[in-house]
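Peer 1: The following comprises the amino acid sequence and a computationally predicted model.
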Amino acid sequence: MAEMKDLFQSADWKKEKHVPVIECPEKVKKGEFFLVTVSVGKEIPHPNTTEHHIRWIEVYFAPEGEKFPYQIGRAEFSAHGESAAGPNMSTVYTFPQATISFKTEKRGVILAGSYCNIHGLWQSSQPLEVG
């Protein structure tokens with residue numbers, strides 16, 4: 001039986017279009033809000049069609065020394081060209097990108113996950129220093 005941890009795939013986002021790309025400062029000031037942007041398809045565009053698209057992105061923060069991560073945010077993408085006229089007949093498409101802001105007192109790791117309706121779950125991470 002598969003476990004959730006075994007379902008996530010990872011790769012270099014510069015070579016694989018499904019990997020969530022985390023963009024934020026490497027070091028932030030203790031207790032000050034900062035921006036984190038996560039997108040899919042930064043280097044190699046991901047298709048955004050009714051048949052093949054990114055459904056959601058989630059962002060977590062795992063503070064050093066704590067047992068569990070905190071969910072920072074989730075973005076769902078609902079417009080992929082579908083319409084009453086049929087697949088890919090709309091002019092409305094979302095781009096899989098989300099920007100959130102949070103603050104922390106501890107260093108740790110920012111974790112991002114995304115879901116492609118054809119190729120499944122993808123993950124990436126980035127260390128965060130706090131000073």
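Peer 2: Looks like it arrived, so ask away. Numbers count the residues shown, from 1 in each chain.

Peer 1: what number of residues lie near residue 56?
Peer 2: Other residues within reach of residue 56, judged by other C-beta atoms under 10 Å, total 16. Heads up, the C-betas are built off the backbone N, CA and C, glycines and all.

Peer 1: For it, give me its contacts.
Peer 2: 74, 75, 76, 77, 114, 115 (C-beta atoms under 8 Å, 6 or more residues apart in numbering).

Peer 1: any idea how far it lies from residue 121?
Peer 2: Counting by C-beta to C-beta, to the nearest Å, the separation of residue 56 from residue 121 is 10 Å.

Peer 1: Check residue 75 too.
Peer 2: 15 Å.

Peer 1: now residue 24
Peer 2: 21 Å.

Peer 1: same check, this time on residue 64
Peer 2: 25 Å.

Peer 1: and what of residue 106?
Peer 2: 27 Å.

Peer 1: More neighbours: which of the two?
Peer 2: Taking residue 106 and residue 121 together and counting by other C-beta under 10 Å, residue 121 has the greater number of neighbours (16 against 13).

Peer 1: and the more buried one, what helix or strand is that in?
Peer 2: Here residue 121 sits within strand 120-130, counting by DSSP states H and E.

Peer 1: Contacts only, for the spatially most central residue of the chain.
Peer 2: Centroid check for the chain by C-alpha atoms, centre = their mean gives residue 57 as the closest residue, at 3.9 Å. Residues near residue 57 by C-beta under 8 Å, 6+ apart: 20, 38-40, 74-75, 77, 96-98, 112-114.

Peer 1: Let me see the contact set for residue 49.
Peer 2: Counting by C-beta under 8 Å, 6+ apart, residue 49 touches 80, 81, 87, 88.
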